[in-house]
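The following comprises the amino acid sequence and a computationally predicted model.
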Amino acid sequence: MGKFDKYKIDLKGMRTDSARYEYLLDNTFFANIDSPEVQKGKVTVVLTIKRSAHAFELNFQTEGVVWVPCDRCLDDMEQPVSSTDKLMVKFGRTLSEEGANLLVIPEDEGELNVAWYMFEFVALAIPMKHVHPPGKCNKAMSGKLRKHLRTTPDEEGEEGFDEEPALTDIAGEVNAPIDPRWNDLQSLLDAGDN
């Protein structure tokens, strides 16, 4: 028996017009997928299949948590994931993808392994930025990062690393100290306006 045999669905042999499956994607599942995006997790996937005259509609409801490295301190952090995804499947001669969510599978096989699709839906549900809540990052790593982010030797670097960087206001002015070299450039621009 292969690693992902329990995720095979016999669409050709479906006896009813609808079916429901529930899967628990655990650490073993993510280790077997062997992808760098997610190494560990505990995610429940509810898959409902509806058969129509020419296709199968697969609806995936994903809920759970995965552990991913924090973008700031690189320690593992718990990241909630939740998504609702749909995949349309129809029979054809060869395996192919037609469009974003339409899959053609060989009719003579009639089976679809949904393991990779479930993993992709989980991976796509992970936000681009994953950072610990303020104050929860690894203190040693945050300290080293602050040390290397200093712009002048006399800068203390005491401000909380968990704070967001200064943003510009509507007029385009930065709400943070300005590097004095920009003042020299601004004086050149002002002299050109006279």
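Received the coordinates, thanks.

so who does A19 touch?
A19 is in contact with I9, T48, I49, counting by C-beta atoms under 8 Å, 6 or more residues apart in numbering. (C-beta placed from N, C-alpha, C; glycine too.)

G41 too?
L25, D26, N27, F29, F30, G64, V65, V66, W67, V81, V122.

How about C137: what's its closest non-neighbour residue?
Spatial nearest neighbour of C137, excluding adjacent residues (C-beta to C-beta, 6 or more residues apart in numbering): C73 at 4.0 Å.

Nearest residue to the middle of the protein?
Geometric centre of the chain, nearest residue: I126, 2.5 Å, by C-alpha atoms, centre = their mean.

Can you give me the distance of that residue to R93?
36 Å (C-beta to C-beta, to the nearest Å).

coming back round to it: hang on, the residue nearest to the centre of the chain packs against S35?
No - between I126 and S35 there is no contact under C-beta atoms under 8 Å: 11.6 Å.

tell me which strands and helices the lengthiest helix in the chain is in contact with?
In the chain, assigned by DSSP state H, the helix with the most residues is helix 180-193. If contacts are counted by 3 or more C-beta pairs under 8 Å, 6 or more residues apart in numbering; DSSP states H and E, helix 180-193 sits against no helix or strand.

and it, how far out from the chain's middle?
For helix 180-193, the gap between its own C-alpha mean and the chain's C-alpha mean amounts to 44 Å (C-alpha atoms, centre = their mean, to the nearest Å).

With just CA atoms, put it into PDB.
Extracted in PDB, the C-alpha atoms of helix 180-193 (Å, rounded to 0.1, in the frame of the first residue of the first chain):
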ATOM      1  CA  PRO A 180      20.600  64.000   7.000                       C
ATOM      2  CA  ARG A 181      21.900  63.200   3.500                       C
ATOM      3  CA  TRP A 182      18.300  63.700   2.200                       C
ATOM      4  CA  ASN A 183      18.300  67.200   3.700                       C
ATOM      5  CA  ASP A 184      21.300  68.100   1.500                       C
ATOM      6  CA  LEU A 185      19.600  66.800  -1.500                       C
ATOM      7  CA  GLN A 186      16.400  68.700  -0.700                       C
ATOM      8  CA  SER A 187      18.400  71.900  -0.400                       C
ATOM      9  CA  LEU A 188      19.700  71.300  -4.000                       C
ATOM     10  CA  LEU A 189      16.100  70.900  -5.200                       C
ATOM     11  CA  ASP A 190      15.000  74.000  -3.300                       C
ATOM     12  CA  ALA A 191      17.800  76.000  -4.900                       C
ATOM     13  CA  GLY A 192      16.800  74.800  -8.400                       C
ATOM     14  CA  ASP A 193      13.200  76.100  -7.800                       C
END
